[in-house]
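Asker: whatever this is, show me its structure:
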Amino acid sequence: MTEHSARAAAEALPSLSGSPSLHVFSIVEPPGIRCVGDVDPATHATWQSALAQLPPASAVHLDLSGLRFIDTHGVLLLVEASQSVRDRRRLVLHEPPAGMLRVLRQFWPSLPTLEVHRS
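Answerer: Numbers count the residues shown, from 1 in each chain. Coordinates of the predicted model:
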């Protein structure tokens with residue numbers, strides 16, 4: 001996924017959900033979402049709702065380049081969403097925040113349903 005194509009697709013579609021500090025946009029190609037803002041106690045419900053509405057595809061892409069912060073509970077919600085995926089679907093995380101990667105490495109070092117892409 002190129003940065004330009006993801007941004008163009010995200011900007012062309014309305015926000016799936018949003019709160020003062022987290023906005024989630026649908027991305028058509030590749031299928032997935034783009035997140036901008038913070039995942040914290042004030043936005044957990046928005047994050048959880050976005051994860052529950054991920055499109056049915058073999059690889060669902062999450063553009064996290066606009067995510068400034070995600071707390072441990074937000075990472076747990078992502079892990080739970082990845083483990084509930086059926087039919088060998090995987091979540092592809094693009095440019096996740098460094099803090100998210102540290103939490104994933106520490107508590108969930110190998111999840112076959114999560115794939116990380118960093119440039």
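Asker: ok, longest strand in this protein?
Answerer: Counting by DSSP state E, the longest strand found in the chain is strand 59-70.
Asker: alpha carbons of that strand, as CSV, please.
Answerer: As requested, C-alpha coordinates have been extracted for strand 59-70 and formatted as CSV (Å, rounded to 0.1, in the frame of the first residue of the first chain):
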residue,chain,number,x,y,z
ALA,A,59,-5.8,-9.7,4.3
VAL,A,60,-7.2,-6.6,6.0
HIS,A,61,-4.9,-3.6,6.1
LEU,A,62,-4.7,-1.1,9.0
ASP,A,63,-2.9,2.1,8.1
LEU,A,64,-1.7,3.2,11.5
SER,A,65,0.7,5.9,10.3
GLY,A,66,-1.6,8.5,11.8
LEU,A,67,-2.0,6.8,15.1
ARG,A,68,0.0,8.9,17.7
PHE,A,69,-0.7,6.7,20.7
ILE,A,70,-2.2,3.4,21.7
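Asker: contact partners for the most centrally placed residue in the chain?
Answerer: Geometric centre of the chain, nearest residue: residue 62, 3.9 Å, by C-alpha atoms, centre = their mean. For residue 62, the contacting residues are 32, 33, 34, 35, 91, 92, 93, 94, 96, by C-beta atoms under 8 Å, 6 or more residues apart in numbering. For every residue, glycine as well, the C-beta is placed using N, CA and C.
Asker: in its sheet, what does the longest strand of the chain sit against?
Answerer: Taking DSSP bridges as the criterion, strand 59-70 sits next to strand 32-39 (parallel), strand 90-94 (parallel) in its sheet.
Asker: helix or strand right after the longest one?
Answerer: Beyond strand 32-39 on the C-terminal side, the first helix or strand identified by DSSP states H and E is helix 44-52.
Asker: what's the closest non-adjacent residue to residue 100?
Answerer: residue 70 (5.0 Å; C-beta to C-beta, 6 or more residues apart in numbering).
Asker: what is that neighbour paired to in the beta sheet?
Answerer: For residue 70, the residues forming beta bridges with it (DSSP bridges) are residue 39.
Asker: ok, it to residue 105 distance?
Answerer: Note on residue 70: its distance to residue 105, by C-beta to C-beta, to the nearest Å, is 14 Å.
Asker: that concludes my questions; thank you for your assistance.
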